[in-house]
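Visitor: all I have is the shape, not the residue letters:
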C-alpha cells in the first residue's frame with residue numbers, strides 16, 4: 001500500500017460546505033491533543049461495512065414472513081426480494097414507505113459524515129418512488145473516546161440534509177457503544193400504483209444510472225492516507241430526489257439504489273428478482289474522478305472484493321479485466337438510482353434481456 005500523504009492521525013477537515021468557525025478550532029485542538037481521525041474509530045466505513053450479501057441472505061432465509069393479527073394496511077413490499085424499503089398500502093391511494101440505514105464513519109469530517117448518512121437513508125425512499133416525510137436519528141457513540149461536540153456536528157450535518165429534502169427530523173434514539181455509528185429511520189409516502197420495485201424489470205428495458213460510482217475505493221484511500229476527495233463527498237451528499245421524480249414522470253416501475261453491494265450486487269438482485277438477465281456495458285458506466293486511479297493503486301475495500309465474490313458465480317464477465325470488475329462491484333455509500341428505464345442526465349449503461357444462463361453479462 002502506498003505511504004500516506006498525510007500523517008495518519010492528522011486533521012483532514014473539509015470546510016467547503018460551511019465557513020470556518022470555532023467548531024473547526026475545537027476539532028483541530030482535539031486532534032492536537034491526541035484525538036484520532038474519525039474514520040480510525042471504526043473497523044469498516046460507510047456502506048462497505050455491511051454484512052456480506054450472501055451471509056445476510058442466509059440469516060434471513062429461515063425467518064419467513066410474520067403476518068400480524070388484524071394488520072393495519074396491506075404489506076406490498078417486504079423481505080421477499082431484498083428491496084430498498086418496506087411498503088404498506090393504507091388505502092385511499094396512499095402507501096407508507098419505511099426504511100432504516102446507518103453506518104460507521106466514511107469520512108473524517110463529522111458534519112460531512114452526517115450529511116452523507118442522511119442522504120443515504122433518504123435514498124431508500126426515493127428508490128421506491130416515494131417522498132420522505134419524517135426521519136429519526138439513530139446514533140451509537142463511544143462517549144468515553146469521542147467528545148459529544150463531534151456527535152453534535154454529525155447530527156447537525158444530518159439535519160441540514162433532511163431540511164434540504166423537506167423532511168421533518170423529530171428526535172431519535174442513541175446508545176453507547178465501542179464504535180461511532182450514525183444513520184436514520186425514515187418514513188415516507190408513495191402512490192401504491194406507481195411504486196418503483198426491484199422485481200418489476202422486464203426484457204427490453206434499458207438500464208440507467210443517475211450517479212457515478214467509485215466512492216468505495218476513494219473512501220478507503222481517504223481513510224488510509226487522509227486525502228480529501230470533494231468530488232466523492234459531493235456525489236455522496238447529493239439527494240436522489242430529482243432522479244426519483246424524473247423516473248416517476250417517465251413511467252419507470254423498476255429501480256433500486258446502488259449502495260454497499262456495489263453496482264454488480266444491486267443489479268444482480270434486480271435481475272434475479274425480475275426473472276431476467278442484465279447485460280451491462282462496462283465502458284458506459286460513469287466513475288467518480290480518481291476512482292480508477294485509486295483502484296489501480298490498491299485502495300479496494302474488502303467489501304468490494306466480497307461483492308465480486310458473491311456475484312461471480314452468476315456472472316459472465318466476458319473479457320472484462322479484474323480491476324474493472326472490482327470497480328463495478330465497489331461498495332458504494334449513498335450511490336445513485338439504478339433504473340430500468342431512461343431519464344435525462346443519466347447514462348444508459350445496459351439493458352434487460354430474456355433470462356439466459358447467467359443473471360449478469362458484462363460486455
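Guide: Received the coordinates, thanks. What you see is a predicted model; the values in this text were computed from it and never measured.
Visitor: average pLDDT across stretch 311-329?
Guide: Across stretch 311-329, pLDDT averages out at 98.
Visitor: next, the buried residues of that stretch.
Guide: Residues 311, 315, 317, 320, 324, 325, 326, 327, 328, 329 are the ones in stretch 311-329 that count as buried (16 or more other CB atoms under 10 Å). C-beta: built from backbone N, CA, C; applies to glycine.
Visitor: contacts for it?
Guide: Applying CB atoms under 8 Å, 6 or more residues apart in numbering, the external contacts of stretch 311-329 come out as 213-214, 217, 262-265, 268, 272, 280, 282, 285, 287, 291-292, 295-296, 300, 304-305, 307-308, 357-363.
Visitor: coming back round to it: which of the buried residues of stretch 311-329 fall in strands?
Guide: residue 315 (DSSP state E).
Visitor: save the buried residues of stretch 311-329 as a markdown table, and put in distance to residue 338 too.
Guide: Formatted as a markdown table, the buried residues of stretch 311-329 follow (distance: CB to CB, whole Å):
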| residue | distance to residue 338 |
| --- | --- |
| 311 | 14 |
| 315 | 16 |
| 317 | 19 |
| 320 | 18 |
| 324 | 18 |
| 325 | 17 |
| 326 | 18 |
| 327 | 15 |
| 328 | 12 |
| 329 | 14 |
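Visitor: now intersect the buried residues of stretch 311-329 with the helices, please.
Guide: With helices taken from DSSP state H, the overlap with the buried residues of stretch 311-329 comprises 311, 324, 325, 326, 327, 328.
Visitor: SS state for the closest residue to residue 181 other than its chain neighbours?
Guide: Once flanking residues are discounted, residue 181 sits nearest to residue 140: 3.9 Å by CB to CB, 6 or more residues apart in numbering. Classification of residue 140 by DSSP: H, G, I helix; E, B strand; the rest coil places it in strand.
Visitor: which ones are touching residue 140?
Guide: Applying CB under 8 Å, 6+ apart, the residues contacting residue 140 are 102, 174, 175, 176, 177, 179, 180, 181, 182.
Visitor: run the last query once more with 10 Å
Guide: Taking CB atoms under 10 Å, 6 or more residues apart in numbering, we find residue 140 in contact with 102, 104, 173-183.
Visitor: for whichever strand or helix holds residue 293, packing partners?
Guide: Element membership for residue 293, per DSSP states H and E: helix 291-296. Counting contacts by 3 or more CB pairs under 10 Å, 6 or more residues apart in numbering; DSSP states H and E, helix 291-296 is packed against helix 215-225, helix 230-237, helix 322-328.
Visitor: before we move on, back to that, restricted to helices, list the contacts of stretch 311-329.
Guide: 217, 262-265, 268, 272, 291-292, 295-296, 304-305, 307-308.
Visitor: buried among those residues? Make that a PyMOL selection.
Guide: The following PyMOL line selects those of the ones in helices among the contacts of stretch 311-329 that are buried, judged by 16+ other CB under 10 Å:
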select buried, resi 217+262+263+264+265+268+272+291+295+304+307+308
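Visitor: among the ones in helices among the contacts of stretch 311-329, which pair sits farthest apart?
Guide: Spatial extent of these (CB to CB) is set by the pair 272 and 296 at 30.7 Å.
Visitor: closest one of the ones in helices among the contacts of stretch 311-329 to residue 166?
Guide: Nearest to residue 166 among these: residue 263, at 28.5 Å, using CB to CB.
Visitor: distance of the closest one from residue 311?
Guide: For residue 263, the distance to residue 311 (CB to CB, to the nearest Å) stands at 10 Å.
Visitor: and residue 39, by the same measure?
Guide: Taking CB to CB, one finds residue 39 at 27 Å from residue 311.
Visitor: which residues sit in contact with residue 355?
Guide: So, once contact is read as CB under 10 Å, 6+ apart, residue 355 ends up touching 203, 271, 272, 274, 275, 276, 277.
Visitor: now those as a markdown table including secondary structure, distance to residue 247 and pLDDT?
Guide: Formatted as a markdown table, those follow (DSSP: H, G, I helix; E, B strand; the rest coil; distance: CB to CB, whole Å; pLDDT from 0 to 100):
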| residue | secondary structure | distance to residue 247 | pLDDT |
| --- | --- | --- | --- |
| 203 | coil | 19 | 98 |
| 271 | helix | 18 | 98 |
| 272 | helix | 21 | 97 |
| 274 | helix | 16 | 98 |
| 275 | coil | 21 | 98 |
| 276 | strand | 18 | 98 |
| 277 | strand | 22 | 98 |
